[in-house]
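Chemist: one predicted model, sequence on top.
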Amino acid sequence: MAAVPAHRRRKRIAVTVLAALGCVSLIAGCARTIAGTPAAAERASTTDVAGLPAANGPSGPKPGVPDADLTVENSDGGPMDGLARNAVADVESYWSGVFPDTFGREFAPVEQYVSYDSSGSGVQLCGESTRGVANAFYCPPDDAIAWDRGELLPQLQNSFGPMAPVAVLAHEMGHAVQHRAGTVADNDPVIVFEQQADCFTGAFFRHVAEGNAEHFRISTGDGLNRIMGVLSFIRDAPGTSGFTADSAHGNAFDRVTAFQYGFSDGPGRCAEMDAADVERRTTQFPFWKHAQETDLPVDDEHLEAVRASLDEVFADSGTQPPKITTDGTPCPGTRPTPPATYCESTNTVSLDTAELQRIATPPVSSDANSGYGDFAAYAQVASRYALAVQKAAGLPLDDEAAGLRTACFVGSWSGVLVEDPIGRRNPVGTLRIAPGDVDEGVAALLGEDSLIAANIDGEQVPAGFARVEAFRSGFQDGSGACAAKYRS
Ligand SMILES: [Zn+2]
């Protein structure tokens, strides 16, 4: 996040207050609307994942199912290739089923599946050697899907479980699908290829979540949360001669959004993704590309800036601004929910500064106890403030819908911290967010220890899918629809 320097503040606030009041009221009509906001977001519910019941349960290979009979070139016959073979077999089977209905012709099987070990001597694909290429990719001239069994897939499996390699291979198949279906043009920006491949991945994972994949299963609760969290770690380079990683896949927020579109609405929605659609969603805010992320501290000065921006954002919602304290005063009859607790009887948000500072610490791979970054910490504070907003509106604070409304209101607050030089909308207060901040928010939402989508008792909405949808709804459309959309 960034704090606006003092000499820039006065002018900006003078310009912004009126517009801000107009934009953040609880009247739906003044919410920001975005062309192309998907029907999927409108269907969000407190109890399901795009029509499926949210539940935790086993995710991974189905036990007792014979391995797929499919040729993988250059395989070492080991367990990693076994998992990859079953994965591409299930993905190919899915597309054989839905491709004709979606695109009006038969699905031609992929010509080659190639396994290699990036630490080995390498094989030639797309005119280059795979030596040292710890990646997975689709090569259009060879019509080949290739993966590194030596480093990439085992790393993904060890870090995120066996469905992570499946997600990577489903994404690569997404590139093969778009090549066959002609849903992208050669001169489309790479982000269009990537958003569509992520969307196709989501469509396939719905098939898995419905129990229709032969070799794999995934739960709609923790299983899907994990996969959405993995997306931002997948980086390939489709259809290019180089295998280098690049940033054109979009950030985590974009990627999870594309995945959710496919999961909710199927491959037809993915096929509609073109340069205009992607441009509208991912670059509607110039900040998306240019804002610099710097991590601000959790201290009195910045907590005060958080409070001030919340007061301003929710000024005309009828909310009595809650007091924000760090003195640890207990709230009788209320279970503490560190790092932030909302005390209904005194209308106070009390903070555990040390725990917020831990959450504000950006992730360090060597430290399992590190957090997400500054925005994730500030969003915990905003989440308890959002309970005061709901209380003022006479809404219950202790059910699951309260968790979704909380995520929606936190999203709406985040959406007005965006610097928008084009002036479609004016930012509020002195805090500004960068793309990395929204990614921190998504990571925290998909984690198990966040209040951003939790009710007053700290109980998180079970489905990360629904948490992210609610946050995005507020972020993109403003607070106007939060209460109506997430009814108790
Ligand atoms: Zn890709």
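Modeler: Looks like it arrived, so ask away.
Chemist: quick one: classify the residue in the stretch 251-400 of the chain that the ion sits nearest to as helix, strand or coil.
Modeler: With distances taken as Cβ to the ion, the stretch 251-400 of the chain approaches the ion most closely at Arg255, which sits 10.1 Å away. To be clear about C-beta, it is placed using only N, CA and C from the backbone, and glycine gets the same treatment. Of the three states, Arg255 takes helix according to DSSP: H, G, I helix; E, B strand; the rest coil.
Chemist: Gly161 and Pro61 touch, don't they?
Modeler: No - here Gly161 does not reach Pro61: they are 10.6 Å apart, not a contact under Cβ atoms under 8 Å.
Chemist: for Ala271, which non-adjacent residue is spatially closest?
Modeler: Thr183 (4.7 Å; Cβ to Cβ, 6 or more residues apart in numbering).
Chemist: for Thr341, same thing?
Modeler: Nearest residue to Thr341, sequence neighbours excluded (Cβ to Cβ, 6+ apart): Ser350, at 5.1 Å.
Chemist: show me the contacts for the one you found.
Modeler: With contacts defined as Cβ atoms under 8 Å, 6 or more residues apart in numbering, the neighbours of Ser350 are Ile324, Thr325, Thr326, Asp327, Gly328, Thr329, Cys331, Ala340, Thr341, Cys343.
Chemist: one step back: tell me how many other residues crowd the residue of the stretch 251-400 of the chain closest to the ion.
Modeler: When counting by other Cβ atoms under 10 Å, one arrives at 28 neighbours for Arg255.
Chemist: you'd agree it is up against Val230?
Modeler: No - contact criterion Cβ under 8 Å: Arg255 and Val230 do not qualify, at 9.7 Å.
Chemist: where does this protein dip in pLDDT?
Modeler: By pLDDT under 70, the low-scoring segments of the chain are 1, 4-47, 234-249, 282-293, 365-368, 419-427.
Chemist: before we move on, the earlier item: for the residue nearest to Ala271, what are its contacts?
Modeler: Each residue near Thr183 by Cβ under 8 Å, 6+ apart is listed here: Val177, Gln196, Cys270, Ala271, Met273.
Chemist: quick one: which of those residues sit in helices?
Modeler: Among those, the subset assigned to helices under DSSP state H consists of Val177, Gln196, Cys270, Ala271.
Chemist: got the residues you listed as JSON lines, with neighbour count and distance to Asp222 columns?
Modeler: Written out in JSON lines, the entries for those read as follows (neighbours: other Cβ atoms under 10 Å; distance: Cβ to Cβ, whole Å):
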{"residue": "Val177", "neighbour count": "30", "distance to Asp222": "28"}
{"residue": "Gln196", "neighbour count": "30", "distance to Asp222": "27"}
{"residue": "Cys270", "neighbour count": "26", "distance to Asp222": "25"}
{"residue": "Ala271", "neighbour count": "19", "distance to Asp222": "30"}
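Chemist: tell me who's in contact with the residue nearest to Gly150 when sequence neighbours are not counted.
Modeler: Computed as Cβ to Cβ, 6+ apart, the closest residue to Gly150 that is not its neighbour in sequence is Asp117, at 3.4 Å. Residues near Asp117 by Cβ under 8 Å, 6+ apart: Asp76, Asp148, Arg149, Gly150, Glu151.
Chemist: ok, the fourth one to the ion distance?
Modeler: Here the criterion is Cβ to the ion, to the nearest Å. By it, Gly150 lies 20 Å from the ion.
Chemist: what about that residue, which helix or strand?
Modeler: Secondary-structure assignment from DSSP states H and E places Gly150 in no helical or strand segment.
Chemist: these two touch, right, it and Gly122?
Modeler: No - the pair formed by Gly150 and Gly122 falls short of the contact definition of Cβ under 8 Å, at 10.8 Å.
Chemist: moving C-terminal from whichever helix in the chain runs longest, which element do we reach first?
Modeler: Secondary structure of the chain per DSSP H: the longest helix is helix 79-103. Following helix 79-103 in sequence order, the next helix or strand is strand 112-116 (DSSP H and E).
Chemist: in the protein, which spans are strands?
Modeler: Taking DSSP state E as the test, the strands found in the chain are 2-3, 48-49, 52-53, 60-61, 112-116, 124-125, 128-129, 136-139, 144-148, 216-217, 323-325, 340-343, 348-351, 431-432.
Chemist: now the ones you listed as TSV including distance to the ion?
Modeler: Below are the strands of the chain laid out as TSV (distance: least, Cβ to the ion, whole Å):
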stretch	distance to the ion
strand 2-3	31
strand 48-49	24
strand 52-53	26
strand 60-61	23
strand 112-116	17
strand 124-125	15
strand 128-129	17
strand 136-139	7
strand 144-148	11
strand 216-217	20
strand 323-325	43
strand 340-343	38
strand 348-351	41
strand 431-432	30
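Chemist: so which of the ones you listed is nearest Ser450?
Modeler: Set against Ser450 and scored by Cβ to Cβ, the strands of the chain come closest in strand 340-343, at 10.7 Å.
Chemist: just how off-centre is the closest one within its chain?
Modeler: Between the mean C-alpha location of strand 340-343 and the chain-wide mean there is a distance of 26 Å, by Cα atoms, centre = their mean, to the nearest Å.
Chemist: show me what that strand is packed up against.
Modeler: When contacts are defined as 3 or more Cβ pairs under 8 Å, 6 or more residues apart in numbering; DSSP states H and E, strand 340-343 packs onto strand 348-351, helix 374-392.
Chemist: what about the residue of the stretch 351-488 of the chain found nearest the ion, how many residues close to it?
Modeler: Nearest residue of the stretch 351-488 of the chain to the ion, counting by Cβ to the ion: Asp439, 18.0 Å away. Asp439: 22 surrounding residues under other Cβ under 10 Å.
Chemist: what of Gly104?
Modeler: Counted with other Cβ under 10 Å, residues neighbouring Gly104 total 8.
Chemist: what's the answer for Asn158, then?
Modeler: Asn158 is flanked by 10 other residues according to other Cβ under 10 Å.
Chemist: figure out the length between the terminal residues of stretch 428-439.
Modeler: Looking at stretch 428-439, the gap from its leading to its trailing residue is 20 Å under the measure Cα to Cα, to the nearest Å.
Chemist: then stretch 391-399?
Modeler: Using Cα to Cα, the end-to-end distance of stretch 391-399 comes out at 13 Å.
Chemist: same thing with stretch 126-140?
Modeler: Between the opening and closing residues of stretch 126-140 there is a gap of 8 Å (Cα to Cα).
Chemist: now that stretch: buried residues?
Modeler: Neighbour-count burial for stretch 126-140 flags Cys126, Thr130, Val133, Ala134, Asn135, Ala136, Phe137, Tyr138, Cys139 (criterion: 16 or more other Cβ atoms under 10 Å).
Chemist: swap in stretch 349-361?
Modeler: For stretch 349-361, the neighbour count (16+ other Cβ under 10 Å) marks Val349, Ser350, Leu351, Asp352, Glu355, Leu356, Gln357, Arg358, Ile359, Ala360, Thr361 as buried.
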